[in-house]
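Novice: Coordinates only, no sequence provided:
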């Protein structure tokens with residue numbers, strides 16, 4: 001799910017083999033981030049990896065995109081954050097960019113520090129002031 005979603009989003013084959021991806025998920029990502037899965041009909045439909053400051057991964061299975069799963073996962077991260085969240089997405093991933101901007105994230109930087117050597121965009125979301133006051 002994760003690999004296919006990413007490949008479709010950026011138009012580039014995954015550079016790591018499946019074993020490397022599984023190691024990253026189980027031993028590196030899980031040490032630094034809360035990982036939540038969205039399960040639909042017994043299948044993994046989406047995943048998010050986040051902590052109180054950052055969304056590191058958010059992928060939705062290509063067959064389940066546009067159904068609100070990403071929205072639900074992102075809302076969990078927003079509720080549990082420290083008041084602000086940052087994340088990066090590939091510039092070429094216009095669908096993700098629209099999704100994050102629709103969800104209140106604002107561009108705070110641009111760069112290209114990733115294994116794929118693709119330009120990326122850094123985003124930030126902060127708790128709206130009226131939510132802080134309540």
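Specialist: Yes, it's here. Everything numeric here is computed off the predicted structure, so don't read it as measured data.

Novice: hang on, residue 27 in a helix?
Specialist: Yes: read with DSSP: H, G, I helix; E, B strand; the rest coil, residue 27 is one of the residues of a helix.

Novice: which SS class is residue 13?
Specialist: Applying three-state DSSP: residue 13 is coil.

Novice: And it, how far from residue 59?
Specialist: From residue 13 across to residue 59, the span is 16 Å (C-beta to C-beta, to the nearest Å). For glycine as for every other residue, the C-beta is placed from the backbone atoms N, C-alpha and C.

Novice: So which of the two has more stuff around it?
Specialist: residue 59 (22 against 8; other C-beta atoms under 10 Å).

Novice: Help me confirm that the more buried one comes into contact with residue 46.
Specialist: Yes: using C-beta atoms under 8 Å, residue 59 is in contact with residue 46, at 6.6 Å.

Novice: For the closest residue to residue 82 other than its chain neighbours, give me its contacts.
Specialist: Leaving out its chain neighbours, the residue that sits closest to residue 82 by C-beta to C-beta, 6 or more residues apart in numbering is residue 52, at 4.2 Å. Counting by C-beta atoms under 8 Å, 6 or more residues apart in numbering, residue 52 makes contact with 80-82.
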